[in-house]
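Quick one, what's the 3D model for this:
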Amino acid sequence: MLDFPRWKVLSITIGIALMVLLAVPSFVPKSVRETWPSWVPKPAINLGLDLAGGSYLLLEGDTKDVAQSRLEGMRDQVRAAMRQDPKVDIGDISVQGGKLSFMVRDPSKVDAAREKLLPLTNGVATTGQRDWDIAVVDSTRFVLTPTQVGINATVEEAMNDAREVVERRINALGTVEPTVVREGSNRIVVQVPGLNDPTALKQLLGKTAKLEFRLVDTTANPQDLAKGIAPAGSIILPYAEGGGTIALQREVMITGDMLVNASQSYDPQTGAPGVTLQLNGAGSKRFARVTQENSGKPFAIIVDNVVISAPRINEPILGGSAVINGGFTVQSANELAIALRSGKLKVPLKVVSENTVSPELGNDSIRAGITASVIAVVAVIAFMILTYGRFGIYATIAVIINVLVILAMMGLLNATLTLPGIAGFVLTIGTAVDANVLINERIREERRRGRSVTQSVELGYKEASRTIFEANVTHAIAGFIMLILGSGPIRGFAVVLLFGIATSVFTAVVFTRMLVSIWLRRNRPSEIHI
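Next up, the predicted model:
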């Protein structure tokens, strides 16, 4: 039990020394760390919102339109699939009552139409169900109904995509270490340390950034437009410049999915800010074809169902680029460019809760946390040394190393330290010596039974280790439950608690046993004062 070969002593010593060195960057200001050579590891813990100050936003996704969006998307897919076989002639595709329906004019082509529809439906995970039900009514009419399982899967996918889009938009602002996590089925928590004015952030995150290019319906009657009546095959959308409405053809020519890049630019003639768009290969070809076929006609650019501009196509545009102009400022043009290139939100997001923490409050929290930690360390060290002498010194060394190893592990995993995390640190300092207390008391007991020093120490570590492991397993279970089911501050506390459990068991059971073993072999004492 107390036999420590040289290789084991060397490996433990080197491992602890490396972890202590990796903890050093967490004590050095970021400005100093940035001057270090690039080959030097610089893992450092991130300070949470309550310590560094910044903005907290709770976003909620409006998922009620997801089903309608799926219907609109499926209608386009069905129309495209049926066009692939000119022998399958169908009527108008209608969307009503949450269902999509159309009629096959030739009854003999019903089976062929079904074969075209089947690849458009998919199985949902391992449920055995498909995302769409296909039924034939009155021999020739197809009815496609989205299943609830399919809708739920789409909502989940949309919220995951929304989280990624939000994170990309925040990173584009140049903020430091933002935290963007899902909470519940339709909420996203955003924490941005160092951002004290979340106004611009809220405006950016509120943009759905749904980009569309449609042809303007020039046949629309202005009187009908004023009444909200659109020609057949067209829709009416608001116009950003000067207000009013405009009629557009229902078919979308270009979508934001074809976008490669968007950047803020200036009009070479007027110097007005705008947004330059660059399309991918498929988008460029389609844009060239549409502009060639519709030369001289107005072409509307729509963002979030608002017509930003509707310029006339003077000549074919073959380069795959377009410019949006619409009374932008430099800031608004830059925000729109960020929103477009980061991707569109499949679900609109609204801010349901927000909070701003000042850096001064964070500094006060850090000072209070450091003060509490120092007091806890000094009190624990004094108690252990006065009570257990040499063995208390070993326990003290273990506690100090325990704290440094926790910092190193959090830095390596890019974890965030919050105010509850500091509470977890203070708690870890107190519980870290619990194992040593159990071991030392067990050694006392064995000495009172008349066993030799070596036997007492060996039995003390062996018997106490069982209790230590069992007790810490129960702590770890509670920590994992808080980590999985908790959110925000609770998760921050759980992270530090779990790190503390793992490191305290190692330092108390393995590291102190190594120190005691080395001391016993060198001095071979006949008595110990514990």
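
Just the CA atoms of stretch 160-180, as CSV, please.
Written as CSV, here are the backbone C-alpha positions of stretch 160-180 (Å, rounded to 0.1, in the frame of the first residue of the first chain):
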residue,chain,number,x,y,z
ASN,A,160,-30.4,24.2,-32.9
ASP,A,161,-29.8,26.1,-36.1
ALA,A,162,-30.9,29.3,-34.4
ARG,A,163,-28.4,28.8,-31.6
GLU,A,164,-25.6,28.4,-34.2
VAL,A,165,-26.8,31.4,-36.1
VAL,A,166,-26.9,33.5,-32.9
GLU,A,167,-23.4,32.4,-32.0
ARG,A,168,-22.0,33.3,-35.4
ARG,A,169,-23.6,36.7,-35.3
ILE,A,170,-22.2,37.5,-31.8
ASN,A,171,-18.8,36.3,-32.8
ALA,A,172,-18.9,38.6,-35.9
LEU,A,173,-19.3,41.5,-33.5
GLY,A,174,-15.9,40.7,-32.0
THR,A,175,-17.0,40.1,-28.5
VAL,A,176,-15.0,37.9,-26.1
GLU,A,177,-16.0,34.4,-25.2
PRO,A,178,-19.8,34.6,-25.5
THR,A,179,-21.9,31.8,-24.1
VAL,A,180,-24.9,30.7,-26.2
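
The closest residue to Lys350 other than its chain neighbours and Val351: what is the separation?
What sits nearest to Lys350 in space, not counting adjacent residues and going by Cβ to Cβ, 6 or more residues apart in numbering, is Glu60, at 5.7 Å. Glycine gets a C-beta too; all of them are placed from N, C-alpha and C. Applying Cβ to Cβ, to the nearest Å, the value for Glu60 to Val351 is 8 Å.

Check Leu248 too.
30 Å.

how far out from the middle of the chain is the lowest-mean-pLDDT helix or strand in the chain?
Least confident helix or strand, the chain: helix 49-52 with a mean of 73, by mean pLDDT, DSSP states H and E. How far helix 49-52 lies from its chain's middle: 19 Å, per Cα atoms, centre = their mean, to the nearest Å.

which strands and helices sit next to that helix?
Helices and strands touching helix 49-52, as assessed by 3 or more Cβ pairs under 8 Å, 6 or more residues apart in numbering; DSSP states H and E, comprise strand 187-193, helix 359-388, helix 419-432.

what residues does it touch?
Here helix 49-52 makes contact (Cβ atoms under 8 Å, 6 or more residues apart in numbering) with 46, 55-56, 179, 191-194, 357, 359, 361-362, 365-366, 369, 417-419, 422, 489.

Which residue, other than its chain neighbours, is closest to Lys202?
Val351 (5.5 Å).

For that neighbour, give me the backbone phi and psi.
Dihedral pair for Val351: phi -80, psi 120, per degrees, to the nearest 10.

just to revisit the earlier point, of Leu248 and Val351, which one has the most company?
Ranked by neighbour count (other Cβ atoms under 10 Å), Leu248 and Val351 place Leu248 first, with 25 against 15.

what helix or strand does that one sit in?
Here Leu248 is covered by strand 245-249, with elements defined by DSSP states H and E.

how much space between Glu212 and Asp257?
10 Å.

still on that earlier bit, pull out the buried residues from the contacts of helix 49-52.
Buried residues within the contacts of helix 49-52, counting neighbours by 16 or more other Cβ atoms under 10 Å: 46, 55-56, 179, 191-194, 357, 362, 365-366, 369, 417-419, 422, 489.

returning to what we had before: so for Thr147, which of the helices and strands packed on helix 49-52 sits nearest?
Proximity to Thr147 (Cβ to Cβ) singles out strand 187-193 among the helices and strands packed on helix 49-52, at 24.4 Å.

residues making contact with the very next helix or strand once past that closest one?
Following strand 187-193 in sequence order, the next helix or strand is helix 199-206 (DSSP H and E). With Cβ under 8 Å, 6+ apart as the test, helix 199-206 has contacts from 55, 57, 59, 166, 169-170, 173, 190, 192, 195, 331, 335, 338-339, 348-351, 354.

Can you list the buried residues in whatever helix or strand comes next after helix 199-206?
Per DSSP H and E, the first helix or strand lying C-terminal to helix 199-206 is strand 211-215. By 16+ other Cβ under 10 Å, the buried positions in strand 211-215 come out as 211-215.

same question, stretch 453-469
453, 455-461, 464-465, 468.

hey, where'd the helices end up in the stretch 251-400 of the chain?
With helices called from DSSP state H, counting those that start in this stretch, the stretch 251-400 of the chain shows them at 281-293, 330-341, 359-388, 390-412.

With only the CA atoms kept, save the shortest one in CSV.
Extracted C-alpha coordinates of helix 330-341, given in CSV (Å, rounded to 0.1, in the frame of the first residue of the first chain):
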residue,chain,number,x,y,z
VAL,A,330,-22.9,52.5,-42.1
GLN,A,331,-24.0,50.7,-38.8
SER,A,332,-27.3,49.4,-40.1
ALA,A,333,-25.6,48.2,-43.4
ASN,A,334,-22.9,46.4,-41.4
GLU,A,335,-25.5,44.8,-39.1
LEU,A,336,-27.5,43.6,-42.1
ALA,A,337,-24.4,42.2,-43.7
ILE,A,338,-23.6,40.3,-40.5
ALA,A,339,-27.1,38.9,-40.3
LEU,A,340,-27.1,37.8,-43.9
ARG,A,341,-23.7,36.1,-44.0
